[in-house]
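In: Build me a model from this:
(2 chains)
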Amino acid sequence: AQSVTQLDSQVPVFEEAPVELRCNYSSSVSVYLFWYVQYPNQGLQLLLKYLSGSTLVESINGFEAEFNKSQTSFHLRKPSVHISDTAEYFCAVSDTGGVKTIFGAGTRLFVKA
Amino acid sequence: DGGITQSPKYLFRKEGQNVTLSCEQNLNHDAMYWYRQDPGQGLRLIYYSQIVNDFQKGDIAEGYSVSREKKESFPLTVTSAQKNPTAFYLCASTHRGYGEKLFFGSGTQLSVL
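Out: Reported below is the predicted structural model:
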């Protein structure tokens, strides 16, 4: 069975500061890893994903995440956040042979002016 | 534009009543999913379906039922057996279901009167 742990439930940060949202997963098989973002009262949108290849993946709006197999982690980072990045972020995992995606509990990022 | 439509946006249930949440997609996706979202708990899988006329229980299926008579539609019924139905319900779909990203609807907030 797979599981996902997001280590911080809330992360407050000032605008233009760097941020890291931490995610660890547990699985006995190869996995696909995802970060989704949810704005208030909306569904989730894919931010980025790791399937294979380069362990560093980037999104179009400046976020990046690095897959670390030895530490079973997939932390999300951004060097300089904006007010508009305020949202809830979910780390998720699915195994390469299955069809279910398992989500972490979410991290609420709050960017302050 | 292609997407997933959930209705209604808000729904109220009386004690002992069954209610049905609608989910329609025009993305021609094979797999569809229902998730329940509670604050601080992330998303939990209720039911999923990979093909028409077939569906499987997720992690928290008790008190819920689904049908998949058409590829485009995957309605969720919250039965009177679900004793704690208040939550935000999200429908999602993917093309093949193997490591593909999930496309989400905008959700239905269900509350108990």
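In: in chain A, which spans are strands?
Out: A:3-6, A:10-14, A:19-21, A:23-26, A:31-38, A:44-50, A:56-58, A:64-68, A:73-78, A:87-95, A:102-103, A:107-112 (DSSP state E).
In: could you dump those to JSON lines with mean pLDDT and distance to residue B:44?
Out: (Glycine included, C-beta is placed from N, CA and C.) Formatted as JSON lines, those follow (pLDDT from 0 to 100; distance: least, Cβ to Cβ, whole Å):
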{"stretch": "strand A:3-6", "mean pLDDT": "93", "distance to residue B:44": "12"}
{"stretch": "strand A:10-14", "mean pLDDT": "97", "distance to residue B:44": "20"}
{"stretch": "strand A:19-21", "mean pLDDT": "97", "distance to residue B:44": "20"}
{"stretch": "strand A:23-26", "mean pLDDT": "94", "distance to residue B:44": "16"}
{"stretch": "strand A:31-38", "mean pLDDT": "93", "distance to residue B:44": "15"}
{"stretch": "strand A:44-50", "mean pLDDT": "92", "distance to residue B:44": "14"}
{"stretch": "strand A:56-58", "mean pLDDT": "84", "distance to residue B:44": "26"}
{"stretch": "strand A:64-68", "mean pLDDT": "93", "distance to residue B:44": "23"}
{"stretch": "strand A:73-78", "mean pLDDT": "96", "distance to residue B:44": "20"}
{"stretch": "strand A:87-95", "mean pLDDT": "92", "distance to residue B:44": "12"}
{"stretch": "strand A:102-103", "mean pLDDT": "92", "distance to residue B:44": "8"}
{"stretch": "strand A:107-112", "mean pLDDT": "97", "distance to residue B:44": "17"}
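In: So which of those strands is nearest residue B:82?
Out: Closest approach to residue B:82 among the strands of chain A (Cβ to Cβ): strand A:102-103, 20.2 Å.
In: which parts of chain B sit against chain A?
Out: B:4, B:31, B:33, B:35, B:40-45, B:48, B:50, B:58, B:90, B:92, B:97-99, B:101-102, B:104-107, B:109 (Cβ under 8 Å from any Cβ of the partner chain).
In: and residue 96, how many neighbours?
Out: Going with chain A. 13 (other Cβ atoms under 10 Å in any protein chain shown).
In: Sorry, I should have been clearer: chain B.
Out: So residue B:96, with other Cβ under 10 Å, has 11 neighbours.
In: Quick check: pLDDT value at it.
Out: We have a pLDDT of 73 for residue B:96.
In: What distance do you get for it to residue A:107?
Out: Look at residue B:96 and residue A:107: by Cβ to Cβ, to the nearest Å, they are 29 Å apart.
In: So for the chain, the centremost residue is which one?
Out: Picked chain A for this. residue A:35 (3.5 Å; Cα atoms, centre = their mean).
In: my question was about chain B
Out: Of all residues in chain B, the one closest to the mean position by Cα atoms, centre = their mean is residue B:34, 3.0 Å from it.
In: What strand or helix carries that one?
Out: Using DSSP states H and E, residue B:34 sits within strand B:31-38.
In: Can you select the buried ones from the residues of chain B next to chain A in ChimeraX?
Out: Filtering these down to the buried ones (16 or more other Cβ atoms under 10 Å in any protein chain shown) takes a single ChimeraX command:
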select /B:4,31,33,35,42,43,44,45,48,50,58,90,92,97,99,101,102,104,105,107
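In: quick one: the helix or strand harbouring residue B:111 to chain centroid distance?
Out: Per DSSP H and E: residue B:111 is located in strand B:108-112. Distance of strand B:108-112 from the chain centroid (Cα atoms, centre = their mean, to the nearest Å) equals 13 Å.
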